[in-house]
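> Just the structure for this:
(chains A and B)
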Amino acid sequence: MNKQLIQNEYETEKFGIALASKLKPGDVVCLVGDLGTGKTTLTKAIAKGLGVEETVTSPTFTLVQEYLEGRLPLYHFDVYRILDSSEMFEIGFDDYLYGQGVCVIEWADQIMDILPEDKIVIKLDYGKEEGSRIYDYAGN
Amino acid sequence: MERIEEEMMSENKFLTLAIETSCDETSIAVLSGDREVLSNIISSQIEIHKAYGGVVPEIASRHHLDNINLVLEEALGEAKIKLKDVDLIGVTSGPGLVGALLIGLATAKAIAYASRKPLIGVHHIMGHICANYIAHKELEPPFLAVVVSGGHTNIVDVTGYNTYQVLGRTRDDAAGEAFDKVARVLGLGYPGGPKIDELAKSGNPQAIAFKRVYLEKDSYDFSFSGIKTGVLNYLNTQKLLGEPIQRADVAASFQLAVVEVIVNKAIKAAQEMKRDKIVLAGGVAANSLLRRLFEEACEKADLKLYYPPPILCTDNAAMIGCAAHYRYQAGFVDDMSLDAYPNLKL
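Modelled structure (predicted):
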């Protein structure tokens, strides 16, 4: 476990880009945190770090958005609405999970039972100052 | 004599069967020609989803499968036609939930294959825009379209029935998604749009000054993620201070902040593109404040405003049929390789 104070969106971007530089095919990044803690904002930073130029938008509606133009394919999930992990297989989740890209999963705590043991988990929480966040980082 | 003519007319009618299953509605419609709706059956699943606070994908696809044959029978029955009378099959191919889209696609392909009739895949957003052709028989391109729904927020310059240019889109959350998420934190339930619209009527829209996000000066893009965080921050601060929360004021202030940005950007875009009509589409086009502010702004800017009745704002197959008809007229036809594209771009 490794806690880090993020003061603002600029630091979120720095964090995401640094993380992206270490990612390799098959990596799974789990983002866990309440509404408004900046899961999509952090994903945007990771995408930028991977070299995705397209705008990363919320995948809430379609569950998954794919970005294939970066250093590695990026699969961006929002599984908030998933109640039963088995539902994930309907959208071909294992193909994404064991593919050549990186999965970034918002609300990953909803489906922990079907995620591989080897994964990065980032818990996002509000900091004391408005706009600040605390990232609790675990994994390789 | 007259009767014979009528019969001939009906035989000559070009019939389109359309299927829409991109999200939570199973809908099948029959159109005669481009704009005459003979039936438009929508099997709303909202009741099921309410319990979960959103669309649950597996439930959505399972219920589409349960519903689709019944909906088809009803659509044909109400239109008083048989499957063999159909000349064209239109179906939503994206964007949407992949499991849900596939059920509509499989049905459309099976019908097209068995009846050897042309198949046309339709972009869901184009369908929403076409809903206005059905509602307003005189409407013709060019015009500026504003598509606002749970999954989309787009400003589109529509130059022809099949030609358009996206001027602006959301960079994070869709407008309807922001409504859903704020409704969730206010404990209002799903669907968030109508709930906030209703509660806002008894609130003061000036009570809380949520930040309006316009992005760069000339941009027609949107960002609604910040206002969601703004509402959360406000609620947390009130809680910490021990102050009561007036939910109606929060709903009204939030709604105004979102709607104001959409209206201002759309008017500016219409003026820049020199369009004299603005056309609203999508589920959020049913929002009463959005309609009122657009009416006021369009009158002031001397623009004509169009929007569909609520039944055509919601996801429905009639709008898909209309879009399919215009695509077919322009010579677009798909084949059996037509697939579901969850992230289909406009």
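
> In the stretch 51-200 of chain B, what residue comes closest to chain A?
Going by CB to the nearest CB, chain A is nearest to B:Gly151 of the stretch 51-200 of chain B, at 3.2 Å. Every C-beta, even on glycine, is put in place using the N, C-alpha and C of the backbone.

> Any regions of chain B where pLDDT drops low?
Applying pLDDT under 70 to chain B flags the ranges B:1-12, B:45-59.

> Now do the contacts for the residue nearest in space to the middle of it.
In chain B, the centroid-proximal residue (CA atoms, centre = their mean) is B:Gly282; its distance is 2.7 Å. By CB atoms under 8 Å, 6 or more residues apart in numbering or on different chains, B:Gly282 lies in contact with B:Ile125, B:His128, B:Val147, B:Val148, B:Ser149, B:His152, B:Gly176, B:Cys313.

> Phi and psi next, for the second one.
Main-chain torsions, B:His128, degrees, to the nearest 10: phi -60, psi -40.

> So it sits against B:Ser149, correct?
Yes: counting by CB atoms under 8 Å, B:His128 touches B:Ser149, with 6.9 Å between them.

> Residue numbers of chain A in contact with chain B?
Where chain A comes near chain B, counting by CB under 8 Å from any CB of the partner chain, the residues are A:34-36, A:38, A:40-41, A:44, A:55, A:57-58, A:60-66, A:80-84, A:86-87, A:90-92, A:126, A:130.

> Please flag which of those sit within strands.
If you go by DSSP state E, the residues of chain A next to chain B have A:Val64, A:Gln65, A:Glu66, A:Tyr126 in strands.

> coming back round to it: tell me which of B:His128 and B:Ser149 has more neighbours.
Ranked by neighbour count (other CB atoms under 10 Å in any protein chain shown), B:His128 and B:Ser149 place B:His128 first, with 31 against 26.

> Just give the closest residue to the more buried one, not the sequence neighbours.
B:Ala281 (4.0 Å; CB to CB, 6 or more residues apart in numbering or on different chains).

> cool, and B:Gln206?
Of all residues not flanking B:Gln206 in the chain, B:Ser253 sits nearest, at 7.2 Å (CB to CB, 6+ apart).

> ok, so what distance separates the one you found from B:Thr229?
For B:Ser253, the distance to B:Thr229 equals 15 Å [CB to CB, to the nearest Å].

> Buried residues, the lengthiest helix in chain A. List them.
Secondary structure of chain A per DSSP state H: the longest helix is helix A:9-22. For helix A:9-22, the buried set under the neighbour-count rule, 16 or more other CB atoms under 10 Å in any protein chain shown, comprises A:Glu11, A:Thr12, A:Glu13, A:Phe15, A:Gly16, A:Leu19, A:Ala20.

> what residues are up against B:Leu215?
The contact partners of B:Leu215, by CB under 8 Å, 6+ apart, come to B:Arg171, B:Asp221, B:Phe222, B:Ser223.

> Next, count neighbours for the third one.
Going back to what we said before, that points to B:Phe222. Per other CB under 10 Å, the neighbour tally for B:Phe222 reads 26.

> residues touching B:Val259, list them.
Applying CB under 8 Å, 6+ apart to B:Val259 gives the contacts B:Asn287, B:Leu289, B:Leu290, B:Leu293.

> picking that back up, residues touching the residue nearest to B:Gln206, list them.
B:Ser253 touches B:Gly203, B:Asn204, B:Pro205, B:Gln206, B:Ala207, B:Ile208, B:Ala209, B:Phe210, counting by CB under 8 Å, 6+ apart.

> repeat that with 6 Å
Contact analysis of B:Ser253 by CB atoms under 6 Å, 6 or more residues apart in numbering or on different chains lists B:Pro205, B:Ala207, B:Ile208, B:Phe210.

> measure the residue nearest to the second one when sequence neighbours are not counted to B:Gln255 for me?
To tie it back to what came earlier, the one meant is B:Ala207. Nearest non-adjacent residue to B:Ala207, counting by CB to CB, 6+ apart: B:Asp249, 3.7 Å away. B:Asp249 sits 11 Å away from B:Gln255 when distances are taken as CB to CB.

> of these two, who's got more company?
B:Gln255 (26 against 18).

> Distance across stretch A:32-39, terminal residue to terminal residue?
8 Å (CA to CA, to the nearest Å).

> just to confirm, which helix or strand has B:Leu289 in it?
Assigning secondary structure by DSSP states H and E places B:Leu289 in helix B:288-300.

> CA atoms only: put that helix into CSV for me.
What follows is helix B:288-300, C-alpha atoms only, in CSV (Å, rounded to 0.1, in the frame of the first residue of the first chain):
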residue,chain,number,x,y,z
SER,B,288,-39.3,21.3,-19.6
LEU,B,289,-36.6,23.9,-18.8
LEU,B,290,-34.5,23.0,-21.8
ARG,B,291,-37.6,23.5,-24.1
ARG,B,292,-38.6,26.8,-22.4
LEU,B,293,-35.1,28.3,-22.5
PHE,B,294,-34.7,27.2,-26.1
GLU,B,295,-38.0,28.7,-27.0
GLU,B,296,-37.0,32.0,-25.4
ALA,B,297,-33.6,32.1,-26.9
CYS,B,298,-34.7,31.1,-30.4
GLU,B,299,-37.4,33.8,-30.4
LYS,B,300,-34.8,36.3,-29.5
